[in-house]
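Undergrad: Predicted model, plus sequence, below.
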Amino acid sequence: MTTPTPRLIVRRDGPIGTIAFSNPAKFNAMTYDMWAGLPGAIGELDADPAIRVIVLEGDGDKAFVSGADISQFESNRSAPDAQARYNAATDAAYQAPGRATKPVIAKIRGICMGGGLGLAAGCDLRFCSDDARFRMPAARLGLGYGASGVRRFVSLIGVQNTYDIFYSARIFGAADALRMGFVTQVSAPAELDAMVAKWTELTAVNAPLTLKALKLSVGDALRDPDQRDAAAVDAAVAACFASEDYKEGARAFMEKRVPQFKGL
């Protein structure tokens, strides 16, 4: 039986865009091509005006992403130039969810370790099933973890929890992930799809320009003071008040109906 080629599967379902990491033979481990292709896949959905929320998930029910495909390390991470190329691809993939203007969430079931944990950390929110298992095994593999990635974890789960999961390289479960603030909601495995669908549907009907401005504001707040761009944030907020959606929101409120936002 032929093993399917590892790939990213992009789907559209109304206002929800989904990217599935598909390498089921290796618990959705990320190949170089998958890392390199993720920014473009997210960018494609982000540019689609019909899409309001982007969901990242693993193919099947065994894993979100188990990490990087270690079988490629010898060819992609041994020589300095190959290492630089590989690191650039992974860094771009980690940053892609945050660079999107729309909400990007991670739907996690099963294994979420190494590079999978880094990808999930890069999303705006994370939802998981109660059988999810998490791990940052860099210390067991002799890998250095870059400053931008560590900063992402510190801003998300704090200094103590970051030290804990990196120093120990321990496996932890959904309850621990919820306690740390790594995930926002947990459900039984059979209810994960419904839980995420409820949240995405709730969010997708909201004003796109407001969501964009909020994401820009939060991202700006997390940057170092000398890298912040208050003017860009102010412009995004001003665009909300100048929009047709703002007028539509006010009319809908007065008329006691659900607003029909167009992102204009």
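TA: Sure thing, it's come through. Predicted, not measured: the structure shown is a model, and the values here were computed from it. Numbering: from 1, shown residues only.
Undergrad: What ranges does the protein have for its helices?
TA: Secondary structure of the chain (DSSP state H): helices at 32-47, 73-76, 80-99, 115-122, 138-141, 147-168, 174-180, 192-204, 208-222, 230-241, 244-255.
Undergrad: Of the ones you listed, which shows the lowest average pLDDT?
TA: Confidence, taken as mean pLDDT, is least for helix 73-76 of the helices of the chain (a mean of 60).
Undergrad: among the helices of the chain, which is nearest A20?
TA: helix 32-47 (10.1 Å; C-beta to C-beta). The way it works is simple: take the backbone N, C-alpha and C, and place the C-beta from them, glycine included.
Undergrad: Report the inter-axis angle for the closest one versus helix 80-99.
TA: Interaxial angle of helix 32-47 relative to helix 80-99 (axes from the mean of the first three to the mean of the last three C-alpha atoms, to 10 degrees): 30 degrees.
Undergrad: Can I get helix 32-47 in PDB, CA atoms only?
TA: Taking Å, rounded to 0.1, in the frame of the first residue of the first chain, the C-alpha atoms of helix 32-47 are listed here in PDB:
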ATOM      1  CA  TYR A  32      10.200  20.700   5.100                       C
ATOM      2  CA  ASP A  33       7.700  21.200   2.300                       C
ATOM      3  CA  MET A  34       4.900  21.400   4.800                       C
ATOM      4  CA  TRP A  35       6.700  24.000   6.900                       C
ATOM      5  CA  ALA A  36       7.500  26.000   3.700                       C
ATOM      6  CA  GLY A  37       4.000  25.800   2.400                       C
ATOM      7  CA  LEU A  38       2.100  26.900   5.600                       C
ATOM      8  CA  PRO A  39       2.600  30.700   5.300                       C
ATOM      9  CA  GLY A  40       1.200  30.600   1.700                       C
ATOM     10  CA  ALA A  41      -1.800  28.500   2.700                       C
ATOM     11  CA  ILE A  42      -2.600  30.800   5.600                       C
ATOM     12  CA  GLY A  43      -2.100  33.800   3.400                       C
ATOM     13  CA  GLU A  44      -4.400  32.400   0.800                       C
ATOM     14  CA  LEU A  45      -7.200  32.000   3.300                       C
ATOM     15  CA  ASP A  46      -6.400  35.400   4.900                       C
ATOM     16  CA  ALA A  47      -6.800  37.100   1.500                       C
END
